[in-house]
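Undergrad: sequence and predicted structure are below.
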Amino acid sequence: MIHSSQGRLQDRRPLAVIDIGSNSVRLVVYEGVARSPTVLFNEKMMAGLGRGIVSTGRLDDEAVRRAVEELRRFRALAEQAGAVSLHAIATAAAREAENGMDFVRRAEDILGVPIQVLSGREEAGYSAQGVISAFHRPDGIAGDLGGGSLELVDISGEDFGDGITLPLGGLRLQEMSRESPAAAAKIAREELRRADFLADGRGRAFYCVGGTWRNLARLHMLSTGYPLPVMHHYELPLDDMGEFLKFVMAGDIAQMQGAKRISKSRRALLPYGAAVLREIIDAMQPKSIVASAFGVREGYLHSLLSPQERERDPLISAAEELAILRARSVTHARELAAWTDEAFAVFGIDETEDDARYRRAACLLADIGWRAHPEYRGTQSLNIIAHASFIGIDHPGRAFIALANLFRHEGIYEDDVSPAMKALAGPRHIERARILGALLRVVYLFSASMPGIMPKLKWREGEGRKLSLVVPASHAGLMGERPEARMAILAKVLDRPMEIVVGD
């Protein structure tokens with residue numbers, strides 16, 4: 001029996017997924033099958049199985065040798081990490097090469113499990129499920145650029161189309177174009193005409209999936225000094241994409257700020273990824289280009305969930321799990337999230353669906369920094385939240401949740417907020433974070449971070465817009481100067497008279 005620490009969720013059974021791609025072979029061990037999966041261990045090798053496949057029709061012999069040896073290690077690592085099951089999938093190179101099935105049989109003997117060689121349609125479907133699992137109500141077209149192929153699929157909420165597979169993978173394009181990104185762009189332009197549904201994506205999002213595009217987004221992030229180095233849901237600005245992609249295609253990547261932080265093997269394929277993305281933008285005319293950290297592997301994992309689990313909000317699920325692991329009481333965190341529904345309604349604050357989701361997540365995370373010294377709880381909470389592997393949230397939303405928790409611990413002083421964080425959040429999120437932070441500073445003085453009291457605190461509206469927070473007589477002992485002082489700050493933030501009273 002494996003004894004895990006209390007930093008692990010005790011009801012999870014780890015599983016491992018091995019993804020055999022045209023360029024990379026990767027092992028990911030997940031904590032368990034969950035709506036918001038957590039990675040226990042992650043390792044990849046750049047095997048380059050699909051290198052030369054256009055001219056030879058075969059997997060590269062040296063790449064096969066290296067991959068086979070690495071798969072032995074991957075199986076041993078999965079066992080060492082405590083995985084109770086091992087799943088293996090293979091994509092374009094394995095399904096297309098004349099020696100692909102020979103390699104698959106050797107790999108199956110080593111891994112001891114069957115390898116699911118995905119058809120183009122299956123690969124597109126899992127890519128779509130990966131995006132569906134990682135974004136709240138996605139709407140647009142997902143493109144998964146691998147080493148051997150590009151899968152495109154239309155997504156609307158939980159629904160997705162059949163998709164299409166095109167021979168536009170980075171390794172394949174590099175060979176087909178004779179290492180000319182300009183020629184690769186022409187090839188991509190011609191192939192993309194087969195994806196006639198790209199026109200349906202006009203004014204919608206384009207979701208970039210796959211290592212080449214993630215590293216392209218990372219290069220943009222590094223070269224522009226973007227303040228939040230979190231890849232998932234990073235939006236590449238359309239207004240300067242043309243010049244950026246043109247520069248990358250020119251091949252002077254090594255001169256760009258941050259380029260050395262991208263591996264040489266990935267860097268070599270960026271011009272071809274840039275060529276394909278530029279042609280997609282021209283053909284589709286999207287409203288936004290969004291990087292996805294989730295793809296085929298996570299889509300496969302998503303397919304293992306029950307229908308009920310798939311319907312859960314991934315952000316709320318992840319926030320609840322972090323509260324279980326780090327808060328003094330997850331029950332109190334849940335009470336707080338529900339109680340602020342009523343509070344914001346009473347305050348007359350209109351919320352979009354995402355506004356409400358982000359507020360509830362902020363409440364669930366409001367006590368995760370309690371083990372730190374009181375002077376640093378706000379900063380620690382902000383850093384954890386800003387850089388956590390959350391899905392189902394954009395970057396301004398991350399900034400809102402992080403700032404709400406900074407204000408909750410340290411007071412609603414904007415002087416403590418960096419200019420970069422202010423710019424990322426925007427004025428609207430900052431103001432709402434101040435309101436939520438000020439409110440939490442009041443009610444935590446009644447709850448002491450323990451459950452039971454929050455459902456008993458009620459709001460009462462009086463004359464002249466006056467709001468009273470009514471504390472039940474049974475808990476009148478909780479009244480005092482400090483809660484009243486903090487209520488005065490909340491009243492100032494909301495610009496309305498407020499008080500705390502004892503009621504029946």
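TA: Ah, there it is.

Undergrad: tell me which stretches of the stretch 351-500 of the chain form strands.
TA: Remark: strands assigned in the stretch 351-500 of the chain by DSSP state E, counting those that start in this stretch are 458-461, 467-472, 498-503.

Undergrad: run through the helices of the stretch 301-450 of the chain in chain order.
TA: Ranges of helices in the stretch 301-450 of the chain, per DSSP state H, counting those that start in this stretch, are 307-310, 314-326, 330-346, 353-364, 377-387, 395-410, 419-447.

Undergrad: what about the shortest one, average pLDDT?
TA: When pLDDT is averaged along helix 307-310, the result is 94.

Undergrad: try the last one
TA: Computed over helix 419-447, the mean pLDDT rounds to 95.

Undergrad: quick check: which of the strands of the stretch 351-500 of the chain is nearest to residue 431?
TA: strand 498-503 (17.1 Å; C-beta to C-beta). C-beta coordinates here come from the backbone N, C-alpha and C atoms, glycine included.

Undergrad: quick one: contacts for the residue lying closest to residue 343 once chain neighbours are set aside?
TA: Excluding the flanking residues, the one nearest residue 343 by C-beta to C-beta, 6 or more residues apart in numbering is residue 439, at 6.2 Å. Residues in contact with residue 439 (C-beta atoms under 8 Å, 6 or more residues apart in numbering) are 340, 343, 490.

Undergrad: now swap in residue 314 and tell me
TA: 35, 36, 133, 134, 136, 390, 391, 392.

Undergrad: again, but for residue 488
TA: residue 498.

Undergrad: can you do 7 Å?
TA: Contact partners of residue 488, counting by C-beta atoms under 7 Å, 6 or more residues apart in numbering, are absent.

Undergrad: please apply the same query to residue 408.
TA: 366, 437, 440, 441.

Undergrad: where's the first one relative to residue 454, distance?
TA: Read that as residue 366. 12 Å (C-beta to C-beta, to the nearest Å).

Undergrad: still on that earlier bit, filter the contacts of residue 439 down to just the buried residues.
TA: 340, 343, 490 (16 or more other C-beta atoms under 10 Å).

Undergrad: one step back: just the contacts of residue 439 now: which is nearest residue 144?
TA: residue 340 (38.1 Å).

Undergrad: correct me, but that closest one touches residue 362?
TA: No: the criterion here is C-beta atoms under 7 Å, and residue 340 misses it with residue 362 at 8.7 Å.

Undergrad: in stretch 465-472, which residues are buried?
TA: 467, 468, 469, 470, 471.

Undergrad: no, scratch that, I was asking about stretch 194-214
TA: 195, 197-198, 201, 204-214.

Undergrad: returning to that earlier point: which one's more surrounded, residue 366 and residue 454?
TA: Per other C-beta atoms under 10 Å, whichever of residue 366 and residue 454 has more neighbours is residue 366, with 29 against 21.

Undergrad: and the pLDDT for the more buried one?
TA: For residue 366, pLDDT reads 97.

Undergrad: kindly report the same for residue 4.
TA: So residue 4 comes in at 62 (pLDDT).

Undergrad: can you check the one 3 residues further on too?
TA: Residue 7 carries a pLDDT score of 82 in this model.

Undergrad: quick one: it from residue 365, how far?
TA: When residue 7 is compared with residue 365 (using C-beta to C-beta), they lie 16 Å apart.

Undergrad: which one's more surrounded, those two?
TA: Between residue 7 and residue 365, counting by other C-beta under 10 Å, residue 365 is the more crowded of the two (28 against 7).

Undergrad: give me the neighbour count for the residue lying closest to the more buried one once chain neighbours are set aside.
TA: Distance criterion C-beta to C-beta, 6+ apart; nearest residue to residue 365, sequence neighbours excluded, is residue 319 at 5.3 Å. Counted by other C-beta under 10 Å, the residues lying close to residue 319 total 30.

Undergrad: my read is that residue 319 contacts residue 363, right?
TA: No: between residue 319 and residue 363 there is no contact under C-beta under 7 Å: 8.5 Å.

Undergrad: how about low-confidence regions in this structure?
TA: Scanning the chain for pLDDT under 70 picks out the ranges 1-4.

Undergrad: ramachandran coordinates for the residue nearest in space to the middle of it?
TA: Nearest residue to the geometric centre of the chain (C-alpha atoms, centre = their mean): residue 391, 3.4 Å. Backbone torsions for residue 391, taken as degrees, to the nearest 10, come to phi -120, psi 170.

Undergrad: how close does the closest residue to it other than its chain neighbours sit to residue 220?
TA: Leaving aside its sequence neighbours, residue 391 sits nearest to residue 134 (C-beta to C-beta, 6+ apart; 4.3 Å). Per C-beta to C-beta, residue 134 is found 20 Å from residue 220.

Undergrad: what do you get for residue 84?
TA: Look at residue 84 and residue 220: by C-beta to C-beta, they are 39 Å apart.

Undergrad: next: residue 360.
TA: The value you get for residue 360 to residue 220, if C-beta to C-beta is used, is 32 Å.

Undergrad: ok, residue 83 next?
TA: 35 Å.

Undergrad: same thing with residue 263?
TA: 17 Å.

Undergrad: repeat for residue 278
TA: Distance from residue 278 to residue 220, by C-beta to C-beta: 13 Å.

Undergrad: now residue 407
TA: The value you get for residue 407 to residue 220, if C-beta to C-beta is used, is 31 Å.

Undergrad: check residue 405 too.
TA: Residue 405 is 28 Å from residue 220, by C-beta to C-beta.

Undergrad: neighbour count for the two, which is higher?
TA: Between residue 405 and residue 220, residue 405 has the larger neighbour count (other C-beta under 10 Å), namely 30 against 22.

Undergrad: ok, that one touching residue 384?
TA: No: counting by C-beta under 7 Å, residue 405 does not reach residue 384; the two are 8.7 Å apart.

Undergrad: what's the domain layout of the chain?
TA: Per the record, the chain has its domains at 15-117, 121-296, 314-503, by automatic domain parsing.

Undergrad: now the strands for the stretch 1-150 of the chain?
TA: 15-20, 25-30, 39-45, 85-90, 115-117, 139-145, 150-156.

Undergrad: nearest to residue 170 among those strands would be which one?
TA: Nearest of those (C-beta to C-beta): strand 139-145, 6.7 Å.

Undergrad: what residues does the closest one touch?
TA: Outside strand 139-145, the residues that reach it (C-beta under 7 Å, 6+ apart) are 127-128, 131, 150-156, 169-170, 198, 201, 204-210, 212-213, 273, 276, 280, 284, 286, 295-296.

Undergrad: if we use 6 Å, what do you get?
TA: 127-128, 131, 151-156, 201, 204-207, 209-210, 212-213, 273, 295 (C-beta atoms under 6 Å, 6 or more residues apart in numbering).

Undergrad: next up, the contacts around residue 168.
TA: Taking C-beta under 6 Å, 6+ apart, one finds 150, 188, 191, 276 in contact with residue 168.

Undergrad: in strands only, show me those.
TA: residue 150 (DSSP state E).

Undergrad: quick revisit: now, which of the buried ones among the contacts of residue 439 sits nearest residue 14?
TA: Nearest to residue 14 among these, with distances taken as C-beta to C-beta, is residue 340, at 34.6 Å.

Undergrad: what sits against that closest one?
TA: Here residue 340 is in contact with residue 363 (C-beta under 6 Å, 6+ apart).

Undergrad: before we move on, the earlier item: between the strands of the stretch 351-500 of the chain, which one is closest to residue 418.
TA: strand 498-503 (30.2 Å).

Undergrad: remind me what that closest one packs against, helices and strands.
TA: Secondary-structure packing of strand 498-503 (3 or more C-beta pairs under 6 Å, 6 or more residues apart in numbering; DSSP states H and E): strand 467-472, helix 481-494.

Undergrad: what is the orientation angle of the longest one with strand 467-472?
TA: So the one you mean is helix 481-494. Put simply, helix 481-494 runs at 150 degrees to strand 467-472, going by axes from the mean of the first three to the mean of the last three C-alpha atoms, to 10 degrees.
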